[in-house]
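Enquirer: I would like the atomic coordinates for the input below:
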Amino acid sequence: MQLNLTAEHGPSRLRASLSTELEHGKAYGLTVTLDTHLRTRLTGYQAQANAIQGQWPAVAAKKVTRASLLHLHALQALDASQAGAHHRDIAGALFGVDAVRKRWTADSELRAQVRHLLTRAEGLMRGGYLALAGVRQQHTNAPGGESAH
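Expert: The predicted structure is shown next:
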């Protein structure tokens, strides 16, 4: 009798079909297809062998872009606004209380940033999220796609 297992960790997936006669400490064999693509699959096989022994590969961190930070700040600003926060309070949460104390005026760039973030988030809320999800085509060279340092 066979027992089919699937384990996932981040982008890694391990699928195994094990015999129910397999006991702890007993030797086992692994069958792989010998073809011209074997060499490209060896790294995957090694990762699966490590996973069987409880050593999962580290999940790679996603690259943070300027656009992703803008989306994050925009959604945070929208959440705060919908909860009743004032623009100045939103700026304090996003950019720090000291920055607000030093740079906040009626026509400051900090206040303009908060208004811009809210406008951006409202656009996402009105369907712009579809482009982020890949459902609607997005411009490939949209501003904000460069890496954040």
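Enquirer: so what are the domain limits for this protein?
Expert: Domain assignment for the chain by automatic domain parsing gives 2-52, 66-132.
Enquirer: Please compute how far the shortest one lies from its chain's middle.
Expert: Here the centre of mass of C-alpha atoms in domain 2-52, compared against the chain's by CA atoms, centre = their mean, to the nearest Å, lies 27 Å away.
Enquirer: Okay, now it: how far is its last residue from its first?
Expert: In domain 2-52, first residue to last residue: 17 Å (CA to CA, to the nearest Å).
Enquirer: Helices of this protein, residue ranges please.
Expert: Per DSSP state H, the chain carries helices over the ranges 38-52, 66-82, 87-95, 97-103, 109-123, 129-132.
Enquirer: Quick one: list the elements packing against the fourth one.
Expert: Contact analysis of helix 97-103 by 3 or more CB pairs under 8 Å, 6 or more residues apart in numbering; DSSP states H and E lists helix 87-95, helix 109-123 as its packing neighbours. For every residue, glycine as well, the C-beta is placed using N, CA and C.
Enquirer: Just the buried residues of that helix, please?
Expert: By neighbour count on 16 or more other CB atoms under 10 Å, the buried set for helix 97-103 is Val100.
Enquirer: who's in contact with it?
Expert: Residues outside helix 97-103 that contact it (CB atoms under 8 Å, 6 or more residues apart in numbering) are Arg88, Ala91, Gly92, Glu109, Leu110.
Enquirer: Generate a ChimeraX selection restricted to the buried subset of those residues.
Expert: To isolate the buried subset of those in ChimeraX, counting by 16+ other CB under 10 Å, use the following:
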select :91,92,110
